[in-house]
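K.L.:
curious how this folds, go ahead:
(chains A, B and C)
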Amino acid sequence: MANDEIIFGVLTASDRASEGTYEDISGPAIESFLQEAIDSVFRIERKIVKDEQSVIENSLIELCNLGCAVIITTGGTGPAPRDVTPEATEVVCQKILPGFGEKMRAISLRHVPTAILSRQTAGVRDSTLILNLPGSPRSIRETIDEIWAAVPYCVDLIGGPYIETTEGPWAAWRPPHARRTIQR
Amino acid sequence: MANDEIIFGVLTASDRASEGTYEDISGPAIESFLQEAIDSVFRIERKIVKDEQSVIENSLIELCNLGCAVIITTGGTGPAPRDVTPEATEVVCQKILPGFGEKMRAISLRHVPTAILSRQTAGVRDSTLILNLPGSPRSIRETIDEIWAAVPYCVDLIGGPYIETTEGPWAAWRPPHARRTIQR
Amino acid sequence: MANDEIIFGVLTASDRASEGTYEDISGPAIESFLQEAIDSVFRIERKIVKDEQSVIENSLIELCNLGCAVIITTGGTGPAPRDVTPEATEVVCQKILPGFGEKMRAISLRHVPTAILSRQTAGVRDSTLILNLPGSPRSIRETIDEIWAAVPYCVDLIGGPYIETTEGPWAAWRPPHARRTIQR
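P.N.:
I've put the predicted structure just below:
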């Protein structure tokens, strides 16, 4: 039985990266996490947009409509006026999952006291999970490594595809009744 | 001086339990916690309802109107479309107490990474404290044991009855000026 | 190059303190923290107001209009009906920073289980950071000591003045690119 290709969206919100005056290194950090952690057949849809709430909202909706199982954003979660990624996320989601922001702030606070300023959140739009990650590649990796274990089961619960993972701290955790053996 | 009977509400939100196709074991787990932890004269009002936001809202309001000091819910706090207990709780409460959800997620995360998905919250409606607990009996007990110490003083502050507890990790903590000696 | 005087607002929300039936000891605890921790030229604007949401909102706005870099409130963060400081804070802020409340509750929970009841939050109005602290002088000091390191960089990001600090657990942390040498 073949497994359908799973789609992940990776959205970088950054005025400078979208203008091309700054190379986006955060989006690629998320892509390389996915290459390492995902054991299902998948492809990535990428967007690099400016820090404009309506633009981010529309990009998130487009990624949902393409069938993304998970959309991972980077950038725009701080306290500055142009930081509007959490606002856009809250507008397009039907449910907010406050545990992700709490846990990611707690992880980042082990490394830097200004992690308290992050407003990262997560939420569900239809069958898509949207996760705000921090902006720097190092913070991205520190947080996503620790939270990813809960992502595949979340996607199961909201009606998305069955995501398989490689071995590592990010390995999917599911309650026994939700575990499947997939043959390829 | 006799102590008036204190009323606790226990509400199970579960499509399957309300249809009778599944035995509710979570509500009874809360009841047995109360039997063990409460040292005041009390009774329990029980409701088992389907995962329908308006039904949960109306049930919470009915339990408030019966005079419940605390209403403890179980079920419906996950990310799935039919999980709407936190939404119903937020609608009927005048004040939300985010500390309860944060702490309960932190407790459950010690045991299972998918605790990050829980959207449990707590809030106050008039003189009633409403607490969302997780769905499984084991998670219920893990979390309620650690958070209950703050519940009696919260009920004092919102104008509810003076709740006394037995010895254990759940024993009520109150600042010295709020401690009473009750004679029966 | 002279540094302009930085303004800090300190607002006590307390019915009893505003009526004069109770001496405000919480506002002075915040003032003495600032005297110890701030190494810039500064002055403090003080307000003592009753626990009335519209009064707190107007006072916060006045302090913002005076040019406060940071407004620190004390009082009114509990679950009681007259506790409305977080509500007033949310109304006047354009952005909420949930990390401050989460971290302050986690700090206070090490000392007392009823810290779970605190609804403290923080947010940004234009170039002013507003922080809700707990009510008791001891809790104020426990929490502000641990969170202050992130405050100066937050004020940088929202367009406020460059705040310098003395040595201590409260010493400002900034990423290397944001560090300045100020000559007086």
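K.L.:
which element follows the lowest-mean-pLDDT helix or strand in chain A toward the C-terminus?
P.N.:
Every helix and strand of chain A was ranked by mean pLDDT, DSSP states H and E. The lowest is helix A:15-19, at a mean of 94. For helix A:15-19, the following helix or strand on the C-terminal side (DSSP states H and E) is helix A:26-37.
K.L.:
what is whichever helix or strand comes after that next one packed up against?
P.N.:
Later in the chain than helix A:26-37, the nearest helix or strand by DSSP H and E is strand A:42-49. Where contact means 3 or more CB pairs under 8 Å, 6 or more residues apart in numbering or on different chains; DSSP states H and E, strand A:42-49 is packed against strand A:6-13, helix A:15-19, helix A:26-37, helix A:53-65. Backbone N, C-alpha and C define where each C-beta goes, glycine included.
K.L.:
and chain A, which of its residues are near chain B?
P.N.:
Contacts of chain A with chain B, taken as CB under 8 Å from any CB of the partner chain, map to A:94-100, A:102-103, A:124, A:129, A:147, A:149-150, A:153-154, A:157-159, A:173-175.
K.L.:
how about A:I144: what's its closest non-neighbour residue?
P.N.:
Counting by CB to CB, 6 or more residues apart in numbering or on different chains, A:I144 lies nearest to A:F33, which is 5.4 Å off, once chain neighbours are set aside.
K.L.:
residues touching the one you found, list them.
P.N.:
A:140-141, A:144-145, A:148, A:170 (CB atoms under 8 Å, 6 or more residues apart in numbering or on different chains).
K.L.:
dump the residue contacts of the residue most central in space within chain A.
P.N.:
Nearest to the mean C-alpha position of chain A, counting by CA atoms, centre = their mean, stands A:I72 at 2.2 Å. If you count contacts by CB under 8 Å, 6+ apart, A:I72 has them with A:8-11, A:30, A:131, A:133, A:144.
K.L.:
can you do 7 Å?
P.N.:
A:8, A:10, A:30, A:131, A:133 (CB atoms under 7 Å, 6 or more residues apart in numbering or on different chains).
K.L.:
the first one bridge partners, please.
P.N.:
If I follow you right, that is A:F8. Taking DSSP bridges as the rule, A:F8 bridges to A:I44, A:V70.
K.L.:
wait, it touches A:V70, no?
P.N.:
Yes. Here A:F8 reaches A:V70: they are 5.4 Å apart, a contact under CB atoms under 7 Å.
K.L.:
picking that back up, ok, of the contacts of A:F33, which one's closest to chain B?
P.N.:
For the contacts of A:F33, the residue nearest chain B by CB to the nearest CB is A:W148; the value is 8.8 Å.
K.L.:
residue ranges with poor pLDDT in chain A?
P.N.:
Scanning chain A for pLDDT under 70 picks out the ranges A:1-3, A:183-184.
K.L.:
sorry, back to before: now the contacts of A:I72 in TSV, with neighbour count and distance to B:E23?
P.N.:
Shown next, in TSV, are those (neighbours: other CB atoms under 10 Å in any protein chain shown; distance: CB to CB, whole Å):
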residue	neighbour count	distance to B:E23
A:F8	20	39
A:V10	26	44
A:I30	25	44
A:L131	25	36
A:L133	28	41
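K.L.:
tell me which of the residues you listed is nearest to C:F42?
P.N.:
Lowest distance from C:F42 to the contacts of A:I72 (CB to CB) belongs to A:L133, with 35.9 Å.
K.L.:
what pairs with that closest one across the strands?
P.N.:
Legend: beta-bridge partners of A:L133 under DSSP bridges are A:T74.
K.L.:
that one touches A:R141, doesn't it?
P.N.:
No. A:L133 is not in contact with A:R141 according to CB under 7 Å; the separation is 9.4 Å.
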